[in-house]
Every structure is written in structure tokens, then in C-alpha cells.
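Student: okay, predicted coordinates and the sequence, questions at the end:
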Protein chains: 2
Amino acid sequence: MEHTATGPASSPGAKSAEARPSPLPLTERQEARRRRILAASTTLACGGGFDAVQMREVAESSGVALGTLYRYFPSKIHLLVATMEDQLALLHEALRQRPPAATAPSERVAETLLRAFRGLQREPQLADAMVRALIFADRSVSAEVDTVSRLTTTIIVDAMDLPDGPDARQLSAVRVIEHTWHATLVAWLSGRATVAQVRQDIRTASRLLD
Amino acid sequence: MEHTATGPASSPGAKSAEARPSPLPLTERQEARRRRILAASTTLACGGGFDAVQMREVAESSGVALGTLYRYFPSKIHLLVATMEDQLALLHEALRQRPPAATAPSERVAETLLRAFRGLQREPQLADAMVRALIFADRSVSAEVDTVSRLTTTIIVDAMDLPDGPDARQLSAVRVIEHTWHATLVAWLSGRATVAQVRQDIRTASRLLD
DNA sequence: CGCTAATCTAGAACAAGTTTCAGACTCGAT
DNA sequence: ATCGAGTCTGAAACTTGTTCTAGATTAGCG
């Protein structure tokens, strides 16, 4: 029940202490399996949120044995965090295509997050599954959570569109913005915050960049 | 597996649609049972965090049947959120005894939260159990989470020590501070943020009050 | 092609949260 | 003191995440 994270062998294809670079050599079929699993996870999540993503169901709908699913993703949390990684990559791509329009960094960040929020509103159950997994993740998932966190930071910093990188003060502000982003989503998902409050919180936190 | 929260009967003593005021009539023995359960929960949490609070163990160490435990707290999450409520009340009391020393509201708030953080550092496992439960809570716990949230807000607003109440802008800032407080704690608990970062994030968010 | 290690499958088994139930107990009102 | 409703107990059952195992398959290599 503990994922001590001591061992490698967490990803398929890992035999001992292979290189860490993301996509260690996967055969085509393995890549396809991984995709099918993530797709099944996403579909189930869209249908019923965190609870609806049941490992046996994911295994079945992706046509993979339960043991194999666990070889690819060592826990439900790992699976959902990977799903989030996937979705974030899509968002990042979309943003690259159509960057925010405002000029001030704080406004560009707010605009970016508000747009992301609009996307999540379209699939609130998926958001529920991903966000709850992300924040509930314990140490055994810290590497994966870190990846997501870095991706999010990148998205925000990209949105700021600074000539030089952000300074220390701005980095701390970005961390707080990220925290606010997650926590306000959680409050919204569990019905304790309205859409308007989420939007206001995003704008309020973004003000820290001024 | 769903706590539809439709029904009352969630607290012992509830027969149909009784009044909601917190402590509906409990006999002395019931009050004692409730205390014992919360104490057991706290002890177990201090020992091993969220995972160590196992319902069967809580029932056994508080000398209560499993079914009874579930009658008092309809889920593990409810139990841990109630535990947090308990601890927050203690904190509130301690703060009333020795209020923050700074003069500026933002500094008083930062001082208060930093002090609370120092307390949590003394029992990190307890913090883990309480905070993870709080953020993982779904709609079925929203009433209880709301109580905790209101208590937290009260603590912060009390710390500000304003002549009149806070205005709208300040209320939004307080929400963001609260979000930051929870999210930075989560990051610290799962080893993704250092103590120094937590402190800085608290100060950064508090700046929103200036 | 034939071999070997790694991978995959099916399914049982285990752990912890949650539910259920029959019977014993307690409380408040008569 | 007694009755009835509501509570508590102990134990089994159920659910879903996770682990384990024995045998079938696959990938890469000589």
C-alpha cells in the first residue's frame, strides 16, 4: 500500500537504473497501450470524476490486464496525474497557437488562467479527477507531481512574456498564483465557491505580479 | 459508497429534520464517546498521518463499535475534518490569549499564520492527516469543510484587527491567503516545498492586504 | 529459425473504507 | 418499574485499490 518509490521498474521497459529522460524506449505496441490507458482514464473521468475512474474499468476499457495497468501506472493517483500532464500539454499547445492578448504580465497571466478555467468548466468531472489526484498525491508521486507543477509554472511564466526571466519576487508570486489556482479549483469542484469567486481569486492572485 | 448528504441522521441524536445548530442534544456518554473518538483520531494521526488513521483502529482505541463510529462520523474524511475543527478551535483560543504583535494588518496575518505553521511543524503527521482530508473532501462534506473554512477566515480576519469589517477587496484577498495557506501546506507535506518556501509564500500572499 | 528475458494475461488474494444486521442496551416518558 | 424508540455492539459482507502468481506471448538476438 506504500509506494516507497525506491525502485525503478516503475515504467514498463525499466530493468534496473535506466536513464530518467521521459520516454524511455517503448515499443510501438507499448506506446499504443499507454495511449489507450490514458484515453480510457480520460473518458471515465469525464463521465463521473475521481470516483468513476476505477482501475478495473480502466484496465478493461483499454483492453489491458490489471497487472499491466499497474506496471504502466503504479497507482490510481499516478494514472490521474499522468492524465493531467497530458491535458496540460494540450493546453500549452493551444496557448502557443493563440497567446493572451493583454500587455501587462499580470493581466496576461490572469487571461491565461481564466481561459484554462473556461476549458475545465466544459469537463468539470475530468477537472475533479485530475485536480483531486494532484493535491492528494503523497511523496511517492512527487516526481510526477513535480513535472505537472513545472509545466504549470512554464505556462504561467510563458504567459508573462518577460524579456529576461522572472526575478525571485515574481517566482514567489507565481508559486502563490499556482497555489491559488489549485485551491480555488478545489473549492469550486466541491461546490464551496462559485464560478465568479474562482474568477475573482484568479485576478486577485495575479495582482501579485504588479 | 456515496454520501449523498440527503439525509439527516448524520449525527447521533438526529431523528428527522432537527435544527442544524452544531451540538444537537447529546447525552453525557455520547459527548464522551465523541471526545474519545476525536482523541483516538488525533493520536493515530500524530503517529502516522492520513494512512495511519484507520477506521477499525479508531473504533477499537476509542472503545466503540465500528458502526457507532460511522454513526458519529459518516466517513474517514468527516472524522478528520472534525479533528481539524477541533485543533483550529484550540489555535483560535491560543491566539486570543496571545494576539500577534505587529501593527499592520498584513503583518499581523502573516505572523498569525507563521505561528500556526510552527505549531503544525511540531506534529507534521497530524497536519498531513487533517490537511489532506480537508482538500480531498468532496461535496458530501461541504458543510463541515465550510465550518472549517469559516473558522479559518475568522482567525485571519480577527488577526487583521480592523475597526470596521473587511471590505470586498480584502475579503477576496483573505480567500486567496487561505488558498495559499492550504496549498503551500500540501506542497510542504508532500516534500515538494521547503519550510522556507512555505514561510515566503505566506508572506507573499499576506502582501495582498496592503 | 530457435532461444531467453522481459512483458502481458487472467484471476485469485489481500487491505482498508463502508454497509448491513440481529440482538443487547439506554434513555425518557408513562 | 415498565415500555418503546432510538443507540450501541460484534461480526460478517461488500467495494475498490493494490499485490501476487502461474502460464501464455512477444521482442530481440545469435
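Tutor: Here it is on my side, so go on. Fair warning: this is a prediction, and the values are worked out from it, not measured in the lab. Numbers count the residues shown, from 1 in each chain, chains lettered A, B, ... in the order given.

Student: use CA for all of it now, contacts and neighbours both
Tutor: OK.

Student: spatially central, which residue of chain A would that be?
Tutor: Here the mean C-alpha position of chain A is nearest to the C-alpha of A:Met84 (CA atoms, centre = their mean), at a distance of 3.2 Å.

Student: tell me the SS of A:Ala89?
Tutor: Assigned with DSSP: H, G, I helix; E, B strand; the rest coil, A:Ala89 falls in the helix class.

Student: what about it, how many residues close to it?
Tutor: By other CA atoms under 10 Å in any protein chain shown, 16 other residues sit near A:Ala89.

Student: quick one: it from DNA strand C, how far?
Tutor: 24 Å (CA to the nearest atom of the strand, to the nearest Å).

Student: how far away is A:Leu126 from DNA strand C?
Tutor: A:Leu126 is 21 Å from DNA strand C, by CA to the nearest atom of the strand.

Student: nearest spatial neighbour of the residue nearest to the centre of chain A, skipping sequence neighbours?
Tutor: A:Met130 (5.6 Å; CA to CA, 6 or more residues apart in numbering or on different chains).

Student: likewise A:Ser190?
Tutor: B:Arg139 (4.8 Å).

Student: the one you found touches A:Trp188, doesn't it?
Tutor: No - with contact defined as CA atoms under 8 Å, B:Arg139 does not reach A:Trp188; the gap is 10.1 Å.

Student: which bits of chain A sit near DNA strand D?
Tutor: A:1-3, A:27, A:29, A:51-56, A:66-67, A:70, A:74-77 (CA under 7 Å from any atom of the strand).

Student: mean confidence score for whichever helix in chain A runs longest?
Tutor: In chain A, with assignment by DSSP state H, the single longest helix is helix A:28-52. Computed over helix A:28-52, the mean pLDDT rounds to 96.

Student: flag every buried residue along whichever helix or strand comes after that helix.
Tutor: Per DSSP states H and E, the first helix or strand lying C-terminal to helix A:28-52 is helix A:55-61. Using 16 or more other CA atoms under 10 Å in any protein chain shown as the test for burial, helix A:55-61 gives A:55, A:58-59, A:61.

Student: and whatever helix or strand comes next after helix A:55-61, which residues are buried?
Tutor: The helix or strand immediately downstream of helix A:55-61 is helix A:66-72, counting by DSSP H and E. Using 16+ other CA under 10 Å as the test for burial, helix A:66-72 gives A:69-70, A:72.

Student: can I get these in JSON lines with pLDDT?
Tutor: Shown next, in JSON lines, are those (pLDDT from 0 to 100):
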{"residue": "A:Leu69", "pLDDT": "98"}
{"residue": "A:Tyr70", "pLDDT": "98"}
{"residue": "A:Tyr72", "pLDDT": "97"}
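
Student: wait, A:Leu80 sits on A:Thr43?
Tutor: No - in this structure, A:Leu80 is not within contact of A:Thr43 by CA under 8 Å, at 11.7 Å.

Student: more neighbours: which of those two?
Tutor: Shown here are A:Leu80 and A:Thr43; by other CA under 10 Å, A:Leu80 has more neighbours (26 against 18).

Student: grab the nearest non-local neighbour of A:Arg34.
Tutor: A:Tyr72 (7.2 Å).

Student: among the residues of chain A next to DNA strand D, which ones are buried?
Tutor: Using 16+ other CA under 10 Å as the burial test, the residues of chain A next to DNA strand D include A:52-53, A:55, A:70, A:74-77 as buried.

Student: what are the buried residues along stretch A:146-153?
Tutor: Buried residues in stretch A:146-153, defined by neighbour count with 16+ other CA under 10 Å: A:148-149, A:151-153.
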